[in-house]
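Peer 1: Build me a model from this:
(one chain, ligands or ions: 1)
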Amino acid sequence: MRVPLAAAALVSLWAVAAAHATRADAPAARRDAQAGSSPPVTRSTWDRVYSDEQAKRGAGVYALRCTHCHGELLGGNGEEATPLAGPAFLSAWDGSTLGALFSRIRTTMPDDNPGTLGGQEIADVMAYVLSVNKFPSGQAELPHDSVQLQQIRFQASKSHAVGRAQDGR
Ligand code: HEC
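Peer 2: Residues are numbered from 1 along each chain as shown. Here you go, the predicted structure:
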């Protein structure tokens, strides 16, 4: 146990509450984004928001902390642990932000030990998830700052992308 017991208890209580609050996750996040309560969205998942090296690190985090439920190819376990790649995952998060995905993972995952991942590990595992979902990589790493992540839209299809990708640059 790396944190004092009381803090750990608080964190897990908070995680349980958050898990319930975010059960309806993606649509709620989308509403928040549209309501303007979040910082303005300036980029999308098509704007090369992570690096290959980061995705490689994230694959390591995934193998240790996520594979046993979400499957080796991110296909889910056929039961409760849903796929983290493919059409169902993409449409569940379409229009949301990477900030929403970050906080979903931070507060509820891994399901058997929530609240135990550091911000950098979460950003890295998200980079891996983006790479498996075939979003393009670039030079810069995905930040682990939730305000910056809220400015990046999770955009399933390139044709609707905001930001630079839309201009074809
Ligand atoms: C003990 C099993 C387990 C582990 C380990 C686990 N998950 Fe999950 N995960 C689940 C289950 C079950 C759900 C769906 C139910 C829920 O929301 O809790 C889920 C849902 C998710 C979702 C939401 C998917 C969607 O379509 O909305 C994401 C994102 C996610 N997990 C990411 C991760 C990541 C990243 C890791 C590793 C750091 C991880 N999970 C580890 C069981 C697990």
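
Peer 1: residues in contact with residue 124?
Peer 2: Each residue near residue 124 by C-beta atoms under 8 Å, 6 or more residues apart in numbering is listed here: 54, 55, 57, 58, 60, 61, 142. For glycine as for every other residue, the C-beta is placed from the backbone atoms N, C-alpha and C.

Peer 1: 10 Å instead?
Peer 2: By C-beta atoms under 10 Å, 6 or more residues apart in numbering, the contact set of residue 124 is 50, 53-62, 117-118, 141-142, 144.

Peer 1: how near is the closest residue in space to it that isn't next to it in sequence to residue 139?
Peer 2: Excluding its sequence neighbours, the residue lying closest to residue 124 (C-beta to C-beta, 6 or more residues apart in numbering) is residue 58, at 3.7 Å. Distance, residue 58 to residue 139, by C-beta to C-beta, to the nearest Å: 16 Å.

Peer 1: can you tell if stretch 116-126 touches the ligand?
Peer 2: Yes. Figure legend: stretch 116-126 in contact with the ligand (C-beta under 6 Å from any ligand atom); contacting residues 117, 125.

Peer 1: Tell me the buried residues in that stretch?
Peer 2: 116, 117, 120, 121, 122, 123, 124, 125, 126 (16 or more other C-beta atoms under 10 Å).

Peer 1: Just the ones of the contacts of residue 124 in strands?
Peer 2: Taking DSSP state E, every one of these sits outside strands.

Peer 1: which two of the residues you listed lie the greatest distance from each other?
Peer 2: 53 and 117 (19.0 Å; C-beta to C-beta).

Peer 1: Could you check which helix or strand contains the most centrally placed residue in the chain?
Peer 2: By C-alpha atoms, centre = their mean, the chain has its centre lying nearest to residue 101, at 3.3 Å. Take DSSP states H and E as the rule and residue 101 turns out to sit in helix 98-108.

Peer 1: Could you pull up the mean pLDDT of that helix?
Peer 2: For helix 98-108, mean pLDDT is 98.

Peer 1: and it, what other elements does it pack with?
Peer 2: If contacts are counted by 3 or more C-beta pairs under 10 Å, 6 or more residues apart in numbering; DSSP states H and E, helix 98-108 sits against helix 5-21, helix 25-35, helix 87-93, helix 119-132, helix 146-150, strand 152-153.

Peer 1: And the third one, what does it pack against?
Peer 2: What it means is helix 87-93. Under the contact rule (3+ C-beta pairs under 10 Å, 6+ apart), helix 87-93 is packed against helix 25-35, helix 98-108, helix 119-132.
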